[in-house]
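J.: Make a model of this:
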Amino acid sequence: MKKNLLLMGGLIAASVAGMSPAGHAATLPGLGEVSGKVSGPTDVVFPVYLHNKEKNVGYTVFVVDGAYRATNMFPGQYEITVQNGYVPSPISLEMQPVQVSVTAGGQAVANLSPKQVAATSNYTGREIYPDGIKVLPYEEIYPKGPGRKILEHSCVVCHGVNFIPSKALPRVGWEALVNLMIKPQGEGGVFSGQLSAGSPVVTHERLSPEDLPLLLDYLGENFGPGAEPRAVLQETWPTVDREALAKAQYIEYRFPNTPDERRGSHSLNFDRDGIVYVSDPTEKAVWRVDPATAETRQYPIPDGESTHGITVDGDGTVWIAGSGHYIARLDPKTGLWDRYKSKFTGLHANTPVLTTEGNLWFTQLIGNGLGYWDRETDKVTYYSSPVPNADPYGLEVDHKGKVWYSEYFAGAITRFDPETETFKRFKVQTWPNSLRRLGADSKDNIWFGVYGYMGKYGKLGRIDAETGQMTEITIPIEYGQPYDTRPDTEDKVWIASMNYLSRFDPEKFTFTIYPMPQRTDAPKPEVTRDGSVWYAPRYAASAGYGGAAVVLHPDKDAIKTLRAVPSTELSNFYIGKYKGPFAEVEGVIKWQDGEPKNQVDYEHKTVGRPISEVGEIEDIEG
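T.: Below you'll find the model as predicted:
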């Protein structure tokens, strides 16, 4: 049976005592659990959060039929709160934090008595606004008019529904902002001089010169200097499976801010032993998280260079892609870094993926190409995109060694064949769009989310491995903006949307939706051998507490280990099949020469000039 999800927060009186009854799987050695009854309505579902401040670990479970239970918890003192939701609800609760002590092997009980209060409207999206933000339906924020469809087609499709109403600018101010998108990079457009071709981010296909005045008039009239900051109301909320949420449990491992550091998290991956590594573009570092102990360690990147994607090699060394370098490699044992830097401008990296042969492919969002590191020669080569404004983002290597990537702005999924060095583009049906990441299942079908789109609901896309036929399925999450997809060992497809993880069953054609414990997106989730799903909450930094690595255990009683054990069946751990040889990290810069292996004549090429001609490259976070 399924019910609508109602997320609540509130004042809680609790009793903490005794032992909970048995009837479920035993906890792992040295860990404990907390359970309890919750008075009040039993026809609603909402999350309870249990936080251990000393270890910087939090557990989220769901109250279903008036009861909750969190298991496999580290011993220590916990604060229990009821999470505020990301959806509108006719009911809300107030609460004061409740303290409970967890002991090894113990089963503590905390019975909660919420106080019901008037509900408040809730807004959609990942952004975190201050109290008092005006929350209105889409039609009120974006009144009908000649410029609305143009705005949706050119701006909302990429930035989402809450970017525009967060600003209040005169028409000339909007014109300056729009020029960043429509001007060629060599003429003052965004990422000036960094993207590989002179074509702008937003081309005439999406915003014609004739439509520009109508767009600026609409922006100036509805989002001018006197406009209040507003956010779009989430008018409907996803249907959830009560039985699935009763089984589910999130565990969050934080590395919080300090007075001297504002930390963050973007992507993650794990090694053979289940140790998790997280990229931190905010503090320009990599974090090591041991899920079995909750211990964390920071590895700063030399010279303040940034990071985006991350993957882990078979010998435990960690590869990152980012700005200031093509790619870089860290040895966590010594703390040494090797950095592969280009002698030419605008050739940074975005998403790295290792192959079964031990080599590495990566996309160049900044550089508009595809890079390749060969282990035997220890050299990087690259290929230019066949189209000027593709800006490759997410990357996947299928079981046949074909390289797939999503085109951030050009609306296609592209396959590169390393043997023939040829590209084949698959135009995405939903247009206009912007795309982020993609994943391959066991049959090499390619799954992807349509992140930027017009309308309320995003799409789950699939390219058939045999026929190349593309299909799209509507994801039932309003304004969800699906960022990434990740098939698991059963070929169920996990989708990371704003504030939700979803599991799509291609055989039953059903979605199971799990609200996240944070208001965030999750750029690159990864699935373990046991079916748990890990992600880095990118907007955790906006919540004020820094970075984190988070795991959803769909069945908390099936947890065999807290570590993120990879599966060699999945593309996130193809490298597990490569057994060596491996080379030591030397702690040096390895400068890379050369032109792209393929020659593409862009009309206004703006990268590829020697660094000595232009000076230092501006550092850009992906």
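J.: Every contact and neighbour count from this point should use C-alpha atoms.
T.: Will do.
J.: in this structure, which ranges drop under the pLDDT threshold?
T.: 1-23, 84-90, 184-199, 572, 574-576, 603-609, 611-622 (pLDDT under 70).
J.: Nearest residue to the middle of it?
T.: For the chain, the residue nearest the mean C-alpha position is Pro523 (1.6 Å; Cα atoms, centre = their mean).
J.: On the three-state scheme, that residue is what?
T.: Classification of Pro523 by DSSP: H, G, I helix; E, B strand; the rest coil places it in coil.
J.: Make 28 the starting number, not 1.
T.: That works, and once the first residue is 28, the last one we named lands at Pro550.
J.: wouldn't it be in contact with Ser294 here?
T.: Yes - here Pro550 lies in contact with Ser294, judged by Cα atoms under 8 Å, at a distance of 6.2 Å.
J.: what residues do those two have in common as contacts?
T.: With contacts defined as Cα atoms under 8 Å, 6 or more residues apart in numbering, the residues adjacent to both Pro550 and Ser294 are 562-563, 565.
J.: can you put these in CSV and add distance to Glu202 and secondary structure?
T.: Conversion of the shared contacts of Pro550 and Ser294 to CSV gives the following (distance: Cα to Cα, whole Å; DSSP: H, G, I helix; E, B strand; the rest coil):
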residue, distance to Glu202, secondary structure
Tyr562, 37, strand
Ala563, 35, coil
Arg565, 29, helix
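J.: Using TSV, lay out those together with neighbour count and distance to Tyr86.
T.: Below are the shared contacts of Pro550 and Ser294 laid out as TSV (neighbours: other Cα atoms under 10 Å; distance: Cα to Cα, whole Å):
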residue	neighbour count	distance to Tyr86
Tyr562	26	15
Ala563	30	15
Arg565	27	18
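J.: Ala417: which of the residues you listed is nearest?
T.: Of all these, Ala417 sits closest to Arg565, with 23.7 Å by Cα to Cα.
J.: Straight-line length of stretch 319-334, end to end?
T.: With Cα to Cα, to the nearest Å as the measure, the ends of stretch 319-334 fall 26 Å from one another.
J.: In which helix or strand does Val199 reside?
T.: Assigned by DSSP states H and E, Val199 belongs to helix 198-209.
J.: C-terminal to that helix, what's the next element?
T.: Past helix 198-209, the next helix or strand by DSSP H and E is helix 239-249.
J.: Show me what that next one is packed up against.
T.: Secondary-structure packing of helix 239-249 (3 or more Cα pairs under 8 Å, 6 or more residues apart in numbering; DSSP states H and E): helix 175-178, helix 198-209.
J.: Quick check: which of those helices is nearest to Glu534?
T.: Of all those, it is helix 175-178 that lies closest to Glu534, at 36.6 Å by Cα to Cα.
J.: which strands and helices sit next to the closest one?
T.: Packing contacts for helix 175-178, counted by 3+ Cα pairs under 8 Å, 6+ apart, involve helix 239-249.
J.: So what touches the helix it packs on?
T.: With contact meaning Cα under 8 Å, 6+ apart, helix 239-249 is reached by 169, 172-175, 177-178, 196-198, 201-202.
J.: Can you check the distance spanned by stretch 57-75, start to finish?
T.: Termini of stretch 57-75 sit 23 Å apart (Cα to Cα).
J.: If you could redo that for stretch 532-549, that was the one I meant.
T.: In stretch 532-549, first residue to last residue: 20 Å (Cα to Cα).
J.: Show me how far that stretch is from its chain's centre.
T.: Relative to its chain's centre, stretch 532-549 lies at 13 Å (Cα atoms, centre = their mean, to the nearest Å).
J.: May I have stretch 229-246 as PDB, with CA atoms only?
T.: Extracted in PDB, the C-alpha atoms of stretch 229-246 (Å, rounded to 0.1, in the frame of the first residue of the first chain):
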ATOM      1  CA  VAL A 229      23.100  29.700 -25.200                       C
ATOM      2  CA  THR A 230      23.000  29.600 -29.000                       C
ATOM      3  CA  HIS A 231      20.400  31.300 -31.400                       C
ATOM      4  CA  GLU A 232      18.600  27.900 -31.500                       C
ATOM      5  CA  ARG A 233      17.500  28.600 -27.900                       C
ATOM      6  CA  LEU A 234      17.500  32.400 -27.900                       C
ATOM      7  CA  SER A 235      17.200  34.300 -31.200                       C
ATOM      8  CA  PRO A 236      18.200  38.000 -31.600                       C
ATOM      9  CA  GLU A 237      14.500  38.700 -32.300                       C
ATOM     10  CA  ASP A 238      13.500  37.100 -29.000                       C
ATOM     11  CA  LEU A 239      16.100  38.800 -26.900                       C
ATOM     12  CA  PRO A 240      14.200  42.200 -26.400                       C
ATOM     13  CA  LEU A 241      11.000  40.300 -25.400                       C
ATOM     14  CA  LEU A 242      13.000  38.300 -22.800                       C
ATOM     15  CA  LEU A 243      14.600  41.400 -21.300                       C
ATOM     16  CA  ASP A 244      11.300  43.200 -21.200                       C
ATOM     17  CA  TYR A 245       9.800  40.300 -19.300                       C
ATOM     18  CA  LEU A 246      12.700  40.100 -16.900                       C
END
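J.: So for that stretch, what gets flagged as buried?
T.: Residues 229-230, 233-234, 239, 241-246 are the ones in stretch 229-246 that count as buried (16 or more other Cα atoms under 10 Å).
J.: One more: stretch 466-474?
T.: For stretch 466-474, the neighbour count (16+ other Cα under 10 Å) marks 466-469, 471-474 as buried.
J.: Reformat those residues into TSV and put secondary structure and distance to Asn377 next to each item.
T.: TSV is the format used below for the buried residues of stretch 466-474 (DSSP: H, G, I helix; E, B strand; the rest coil; distance: Cα to Cα, whole Å):
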residue	secondary structure	distance to Asn377
Gly466	strand	16
Ala467	strand	19
Asp468	coil	22
Ser469	coil	25
Asp471	coil	22
Asn472	coil	23
Ile473	strand	19
Trp474	strand	19
